[in-house]
Every structure is written in structure tokens, then in C-alpha cells.
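Peer 1: Sequence first, then the predicted structure, then my questions.
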Amino acid sequence: MRVTAYRFIFYILFLSTHLWAIPRYALESGTSCNLCHVKPGGGGLRNDYGIIYGMDDLSAKVPQQFESYSGIILNHIQFGGDVRIQSVSRSKGETPGDLAIFPMQANMQMAFRSNQFSFQSEFALLRKDMGFQLGYYVNSNYIQAGMGKPSFGLNLADHTVFTRGGNMRLVQGEHREGMPFSPMLNHAPFIAAGRYIENGHLSVGWSQGYFSSDSESFFARGAHYGVLGSFNRMIGLSYLQENHDPNGLKMMNIFGGLSRGSISWLGEITVADNLVEGRSVASYSELTWGVKPGWNVSGRLDFFDENTDYTKDAIRRTTFGLNYVPFPFVDIKFQIRSSQLWSNKASLGVEYLSQLHVWF
Amino acid sequence: MKKYIIIIGFMLSGLLGQKSELKNVKVLPFTEKREVVKYMKSVVAKELGVKCSFCHNMTDYASDEKDHKKVAREMMVMTMNANKTMKDLNFHDISCWVCHRGNKHPDHPPKKK
């Protein structure tokens, strides 16, 4: 009981944080993340379209009370929130699994927009981490400054994918198991500029103190959405470089996706130099089938190699998932996943995850 | 526990209390944003084969800064007027599809030599 309590406290202190976007929705809609989100890079508070998309396209049923909900008050100010509660259990052969249930995210968000100026803020209650962005928009261009996080790659909502933060409970001992976008990192001072070009979005930025107190990061990201035959397609590139150290981290990422009807595929590969030593590679690939409104099933392959010179460091994870959105603002996920190691070490068994996500 | 009560209270107040007015909707006969979005997605975007960014500034949907949006508004007026006339003649309503056929610009007949 005491061990469970300590684990619960550990998870509250260290695992709850800002989460990112679900780029599959942008791919299926054929345009960039800010179609639905207030922030140019996506994630967090949804705009009018995002709220309506949640009602009309994501959920199995829309209660009558929610039909006119918009999220806007006083014509200019909008409030929102995201709460996620996660459970994880693990079984290895005949060994009974241990179960952990913990709050993963409790974020409050606010946005103000008036003509060319905007202010957005979010407060991660569980980590007491505040982020905010001041924005100035001219036509399809913008500049932003405040406390934020670098925009990189697909910015996936699931921070456990190896292209984000990777495994929180390591399966390979001291080895690194994922790229450095750990959910434990707080918002850091940043400045960024961006431009929308039809169905494309370009952004560049600079951040100080995100990865460590003395780090300085330059980051750039470009994404384009369009049509390829009968498919919606997305393709993008990201680059991030740590400037404070000549041997600092350098990361290159290519991401993309294809969608047709109820089937979508998303993938990305990140190559990082000096993450640990030498070159590291992480990849993510997920196929999703929207069975019927509110119901999605998916299969996912994640790969991470801490050092490409030593392939036995590599780890592959296979995940099958079910996603149910019974009503707007409620999202339930179930996942079964297992990790396979390239070394001769035995797998740590199958993990069962479930997540309740409530937003408004 | 207090923290969660605050969160849940905040969410309930948000769900029950937040509404908004349509901004800069001059032609379409809708009163709710949801109706506008549904019309744009199911009629305009599909029948012209375009995404929202073709007409809208993605950071401010209400803005008229894009010429395509101004043209689209005039086209809607034209279609509505046509439908008013058609109704008197007992014809079916028309929409963007009649001319556009899923293209940004309607096809024209080949020029006579």
C-alpha cells in the first residue's frame, strides 16, 4: 500500500505536464494544426472550429446541451482545459501485473485575441508550470514570445513515443529510451516567428534554458498539407540545434502522413547527434482506422536506437490501441503494448494502458 | 482533492456559461457557428475542392483580408438570388457544384476558332 502511495506521488510530481497535439486530425482535415487550435503550432486550447470539429467529427454522440457551445466569453476571451488520467499495468508471463493509476495532466488555458494581438497562457496545475505567449499577427505572418516549448516534428500528444520523451520506466537499465522532449521539462523563454502559406506553415524560433539551464536552442519547422491522388497528405521537416556548446545536440526530423476516408497513416523519423554519444535514431509509425464515429482502432510501431554504432541498444515497441470518444470533450483510450529488445535481454512483458481525457 | 474540485467546477462553468456571437457573417442565414462550419465543410469546401485556408486567414476566420473570401461571399449572394428565382420557376436549388464541379475555378468551353 505504501509503495503504491509513493508511486502515486512520484507520478503526480513528475509525469503530469503539458501535452501536445494529435496531428492525425490535421492530416484528415487536410490543413495545419491551427485549423483547430489557438496556438499556431497546435495543441492545447481549441478555437471555434476545433470545438465544432470535436462535436461533429470526433464523437459518437452530441448531447443537445452542448450543441451551441463555443468556448468564447466576452467576444474575445476564451477559457479551456485538459485533464488526463492514466492507468498502467504490466504482466510478464505468469507474473501478476502491478497497476498504477495517476493524474497525468491538468492544464488550464486562456486565450485573448483582439485584431492583430493575442495572448495565450496555460497553467499545468500538477507541475505548477506556467506557459504564456504574446503574439502579433500581420496577414498570414506572426511573431510570438513568452514561455513555451520548441515546436519539433509531429509534436505528438503521446509523450511516451520514442520521438518525444520515450519510456518513462526504462526497460534497458541506464540506456536512454527516447528523444529529449521529456514531459518533465518546463516551459522556457522563447521567441518565434512563423508564416502560413496556403496549406503550409513555416516557423523558426529560439529558446533559452529548455533542455537545461544553460541551453540555447534554435529550432525550425515546416509542414505542408495537400492532396496526393485520392489521399490527403502531409509532409514536413524539423531541425533543432543547441548553440551553447559546439558539441551540442543536433536533431533532424522528417514527418508525414497519408489519409483516405477512414484510414490514416502518420510517421516520423528523428536523427539526433550528441544526444548521448554518436548518433541516435527514433521513429514512429501509426496506422489508424476510424471504424465508425467516435471509434478508432490503431496499430503502432516505435523504434529507438540510442547509438547506431551499437545496434544491441535498439528497442522496438509494438502497440495496439482502441480510442472511444463517447461525447464531445471526453476521450477514452486503451492500449496494449510490448517492447522487444535487440540484445538478448528478455522482454519485460506486455503493458496495458488506459487513459481518460476530458477537455473543454 | 480541493484541486480537482476547482478543476471540475471550472469545467462545468465553462461548459454551461460560454457562448458567443457569429462574427462578420453577412450573407449566410445561420445563427450558430456550428451551422456555418457544417455548411462550409459539407458544401463550400467539397464543391470547390478547397481547404479552409483558401479563403480564410487561419489565425482569424472572421477576417476579410483574403480576396477569395470576398469573392466567395459574392458568389453566395449570386447563388441565393438564383435560388430565389428558381423557386418561382419550380426548379431545384443549385449550389457551387453546378458550376465548379469540385474545382477552384469552373471549366469554360473551348474557345471558338
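Peer 2: It's in. Everything numeric here is computed off the predicted structure, so don't read it as measured data.
Peer 1: So which bits of stretch A:220-235 are buried?
Peer 2: Using 16 or more other Cβ atoms under 10 Å in any protein chain shown as the burial criterion, the residues of stretch A:220-235 that qualify are A:Ala220, A:Arg221, A:Gly222, A:Ala223, A:His224, A:Tyr225, A:Phe231, A:Asn232, A:Arg233, A:Met234, A:Ile235. For the C-beta atoms, the positions are set from N, CA and C on the backbone; glycine is no exception.
Peer 1: For the third one, which non-adjacent residue is closest in space?
Peer 2: Read it as A:Gly222. Leaving aside its sequence neighbours, A:Gly222 sits nearest to A:Leu202 (Cβ to Cβ, 6 or more residues apart in numbering or on different chains; 4.7 Å).
Peer 1: Please give me every residue in contact with that neighbour.
Peer 2: Shown in contact with A:Leu202 (Cβ atoms under 8 Å, 6 or more residues apart in numbering or on different chains): A:Gly194, A:Arg195, A:Ala220, A:Arg221, A:Gly222.
Peer 1: How about B:His92?
Peer 2: By Cβ under 8 Å, 6+ apart, the residues touching B:His92 are B:Met86.
Peer 1: tell me which element it falls in.
Peer 2: For B:His92, there is no helix or strand it lies in under DSSP states H and E.
Peer 1: Can you list phi and psi of it for me?
Peer 2: B:His92 adopts backbone torsions of phi -70, psi 160, taken as degrees, to the nearest 10.
Peer 1: cool, and A:Arg84?
Peer 2: Torsion angles, degrees, to the nearest 10, at A:Arg84: phi -130, psi 130.
Peer 1: Just the pLDDT at it, thanks.
Peer 2: We have a pLDDT of 87 for A:Arg84.
Peer 1: now do A:Ile191
Peer 2: Taking A:Ile191 on its own, its pLDDT is 96.
Peer 1: is it true that it touches A:Ser203?
Peer 2: No - using Cβ atoms under 8 Å, A:Ile191 is not in contact with A:Ser203; the gap is 11.2 Å.
Peer 1: Those two: which has the busier surroundings?
Peer 2: Using other Cβ atoms under 10 Å in any protein chain shown, the more surrounded residue of A:Ile191 and A:Ser203 is A:Ser203, with 21 against 16.
Peer 1: Would you confirm that the more buried one contacts A:Ala193?
Peer 2: Yes - using Cβ under 8 Å, A:Ser203 is in contact with A:Ala193, at 6.9 Å.
Peer 1: sorry, back to before: CSV please, covering the contacts of A:Leu202 and showing secondary structure, pLDDT and distance to A:Tyr49.
Peer 2: Listed next are the contacts of A:Leu202 as CSV, based on DSSP: H, G, I helix; E, B strand; the rest coil; pLDDT from 0 to 100; distance: Cβ to Cβ, whole Å:
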residue, secondary structure, pLDDT, distance to A:Tyr49
A:Gly194, strand, 93, 19
A:Arg195, strand, 91, 20
A:Ala220, strand, 97, 26
A:Arg221, strand, 96, 22
A:Gly222, strand, 95, 22
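Peer 1: List just the nearest of those residues to chain B.
Peer 2: Distances from chain B to these, taken as Cβ to the nearest Cβ, are shortest for A:Gly194 (9.7 Å).
Peer 1: Counting by contacts, list what the helix or strand containing A:Val88 packs against.
Peer 2: Assigned by DSSP H and E, A:Val88 falls within strand A:77-92. With contacts defined as 3 or more Cβ pairs under 8 Å, 6 or more residues apart in numbering or on different chains; DSSP states H and E, the packing partners of strand A:77-92 are strand A:95-114, strand A:350-359, helix B:2-17.
Peer 1: what's the offset of the first one from the middle of its chain?
Peer 2: For strand A:95-114, the gap between its own C-alpha mean and the chain's C-alpha mean amounts to 13 Å (Cα atoms, centre = their mean, to the nearest Å).
Peer 1: Can you list the strands that the very next helix or strand once past it pairs with?
Peer 2: With elements assigned by DSSP H and E, the helix or strand that comes after strand A:95-114 is strand A:117-124. Strand A:117-124 sits in its sheet next to strand A:95-114 (antiparallel), strand A:129-138 (antiparallel), going by DSSP bridges.
Peer 1: ok, of the ones you listed, where does mean pLDDT dip lowest?
Peer 2: Among the strands paired with strand A:117-124, strand A:95-114 scores lowest, at a mean of 78.
Peer 1: Name the residues of the stretch 101-250 of chain A found near chain B, please.
Peer 2: A:106, A:108, A:113, A:118, A:125, A:137, A:139-140, A:142, A:196, A:198-199, A:225 (Cβ under 8 Å from any Cβ of the partner chain).
Peer 1: May I ask which two of these are separated the most?
Peer 2: Using Cβ to Cβ, those span at most 38.1 Å, a distance reached by A:Leu125 and A:Glu198.
Peer 1: out of the buried residues of stretch A:220-235, who's nearest A:Asn243?
Peer 2: Among these, and counting by Cβ to Cβ, the member closest to A:Asn243 is A:Ala220, at 12.9 Å.
Peer 1: beta partners for that closest one?
Peer 2: Under the criterion used (DSSP bridges), A:Ala220 bridges to A:Val204, A:Tyr239.
Peer 1: Hmm, it is touching A:Ser203, no?
Peer 2: Yes - if you go by Cβ under 8 Å, A:Ala220 and A:Ser203 touch, sitting 7.0 Å apart.
Peer 1: Could you look up the SS state of the closest residue to A:Gln133 other than its chain neighbours?
Peer 2: Residue nearest to A:Gln133 in three dimensions, not counting chain neighbours: A:Gly146, with 4.0 Å by Cβ to Cβ, 6+ apart. For A:Gly146, the assignment made with DSSP: H, G, I helix; E, B strand; the rest coil gives strand.
Peer 1: Might you report the residue contacts of A:Gly146?
Peer 2: A:Gly131, A:Phe132, A:Gln133, A:Leu134, A:Pro189, A:Phe190.
Peer 1: Show the backbone phi and psi for the residue nearest to A:Gly222.
Peer 2: phi -110, psi 140.
Peer 1: measure it to A:Phe211 for me?
Peer 2: Taking Cβ to Cβ, to the nearest Å as the measure, A:Leu202 falls 23 Å from A:Phe211.
Peer 1: Next one: stretch A:341-360, is it in contact with chain B?
Peer 2: Yes - counting by Cβ under 8 Å from any Cβ, contacts between stretch A:341-360 and chain B involve A:Val358, A:Phe360.
Peer 1: buried stuff in that stretch?
Peer 2: Quick answer for stretch A:341-360 (16+ other Cβ under 10 Å): A:Leu341, A:Leu348, A:Val350, A:Glu351, A:Leu353, A:Gln355, A:Leu356, A:His357, A:Val358, A:Trp359, A:Phe360.
Peer 1: Now which of the contacts of A:Gly146 would you call buried?
Peer 2: Of these, these count as buried by 16+ other Cβ under 10 Å: A:Gly131, A:Gln133, A:Phe190.
Peer 1: ok, now how distant is the second one from chain B?
Peer 2: If I follow you right, that is A:Gln133. Distance of A:Gln133 to chain B, given as Cβ to the nearest Cβ, to the nearest Å: 13 Å.
Peer 1: so that residue bridges to which residues?
Peer 2: Per DSSP bridges, the residues bridged to A:Gln133 are A:Gln120, A:Gly146.
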